[in-house]
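>>> take this sequence and fold it.
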Amino acid sequence: MQEISFYDAVWYFYIYAFFGWCLEVAYQAVEHGKFINRGFLNGPYCPIYGFGVILVAGTLYPLKENIIILYAGSVVLTTALEFVTGFILEKVFHQHWWDYSEERFNLKGYICLKFSLLWGVACLVAVRLIHPAVCRFVEHFPHDPGVVLLAVFTVGFASDMTITVLAVIHIRNRLAVLDDISSQMRKISDYTGEKIFNTVEGIMSRKEEIDEKNAELKKRYEELKEKYRIQLEKRSAIRKRIADAFPKLDFDREKSFHEQLEELRRKFNK
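Down below sits the predicted model:
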């Protein structure tokens, strides 16, 4: 195992987190034809790449001349890291941040064979070609300015992490409110539907009672509509960026609410 000082490890983390972000942006540009800030955080870095290369380089760099061991070890280590990271993120935020369920030979959507093999190739390139140059850069960079620069990077990174985590928690809480509104809308819709499909005789005999109930339902409907409008106005730039970066996340339930609103409007008009 390669001995890596804390100072060097922090440098490697930020450098490879930035390289990983560039790789993700390039992949999304090819895949979707547009720029997507592909990362959990707002800044130009993907922490999982920083941790991944430190893990692989620290463990396998002394064996870099043995391509078979380096490749196989890289596949195992990066796959384990991706699985653990995906599992923890889902347990903490109750969301699947990436999903390989549609890929063959996947495990719970966290990992799949295709990307595990690709991570192995990426680590081969990183450890054998890129890492030596990065080591020379860190070694020759003046130490004192380096400490100051890393401190600035760390403060910015910590701030970004805090802001993003709080934003995601806020999104979760807002979705809980929207779910509650949706549930109440569904109850109103079900009740209204039952009344609409009653026989004409039954409706006429209970007309006064139904009119009174419908007036209450319309009032409640307007209150829910206003609450829904307020919730929509609270959407933040961070929420939009995260939704773009991770399209598998269930952050866009609002569309179903529009459908429920339209359904209720038709029923009440009828």
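
>>> for the protein, which helix or strand comes out least confident on mean pLDDT?
helix 200-205 (a mean of 55; mean pLDDT, DSSP states H and E).

>>> now the helices: where do they sit in the stretch 101-250 of the chain?
For the stretch 101-250 of the chain, helices defined by DSSP state H, counting those that start in this stretch occupy the ranges 113-125, 131-140, 143-196, 200-205, 207-233, 237-245.

>>> which of those helices comes out lowest on mean pLDDT?
Mean pLDDT values for those show the minimum at helix 200-205, a mean of 55.

>>> which residues touch the nearest residue to residue 131 once chain neighbours are set aside?
Among residues not flanking residue 131 along the chain, residue 57 sits closest, at 5.5 Å (Cβ to Cβ, 6 or more residues apart in numbering). Where you see a C-beta, it was placed from the backbone N, CA and C, and this is true even at glycine. Going by Cβ atoms under 8 Å, 6 or more residues apart in numbering, residue 57 touches 2, 4, 12, 126, 127, 131.

>>> do residue 13 as well
By Cβ under 8 Å, 6+ apart, the contact list for residue 13 reads 47, 50, 51, 54.

>>> so which of those sit within helices?
Judged by DSSP state H, the subset of those located in helices is 47, 50, 51, 54.

>>> lowest-confidence one in the contacts of residue 57?
For pLDDT, the smallest value among the contacts of residue 57 belongs to residue 2: 63.

>>> picking that back up, neighbour-wise, which one of the ones in helices among the contacts of residue 13 leads?
Most neighbours among these, by other Cβ atoms under 10 Å: residue 50, with 23 neighbours.

>>> would you agree that one is in contact with residue 11?
No: contact criterion Cβ atoms under 8 Å: residue 50 and residue 11 do not qualify, at 10.0 Å.

>>> residue 34: neighbour count?
8.

>>> before we move on, what SS does it have?
Using DSSP: H, G, I helix; E, B strand; the rest coil, the structure places residue 34 in coil.

>>> which phi and psi does the nearest residue to it once chain neighbours are set aside have?
With sequence-adjacent residues excluded and distances taken as Cβ to Cβ, 6+ apart, residue 34 is closest to residue 28, at 7.6 Å. Here is the backbone geometry of residue 28 (degrees, to the nearest 10): phi -70, psi -30.

>>> what about residue 28, neighbour count?
Residues near residue 28, counting by other Cβ under 10 Å: 17.

>>> for it, give me its contacts.
Residues near residue 28 by Cβ under 8 Å, 6+ apart: 34, 35, 36, 38.

>>> among these, find the lowest-pLDDT one for me.
Minimum pLDDT across those is recorded for residue 38, with 71.

>>> using the three-state scheme, assign the nearest residue to that one once chain neighbours are set aside.
Spatially, and ignoring its direct neighbours in sequence, residue 38 is nearest to residue 24 (3.9 Å; Cβ to Cβ, 6+ apart). What three-state DSSP gives for residue 24 is helix.

>>> so how far is residue 91 from residue 24?
To residue 91, residue 24 is 23 Å away according to Cβ to Cβ, to the nearest Å.

>>> between those two, point out the one with more neighbours.
A direct count of neighbours by other Cβ under 10 Å for residue 24 and residue 91 places residue 24 higher, at 18 against 8.

>>> quick one: that one and residue 47 touch, right?
No: using Cβ under 8 Å, residue 24 is not in contact with residue 47, being 11.9 Å away.

>>> so what sits against both of those two?
What both residue 24 and residue 47 touch, as defined by Cβ under 8 Å, 6+ apart, is an empty set.

>>> angles on the backbone of the spatially most central residue of the chain, please.
In the chain, the centroid-proximal residue (Cα atoms, centre = their mean) is residue 97; its distance is 3.9 Å. Main-chain dihedrals, residue 97, degrees, to the nearest 10: phi -80, psi -30.

>>> noted, bye for now.
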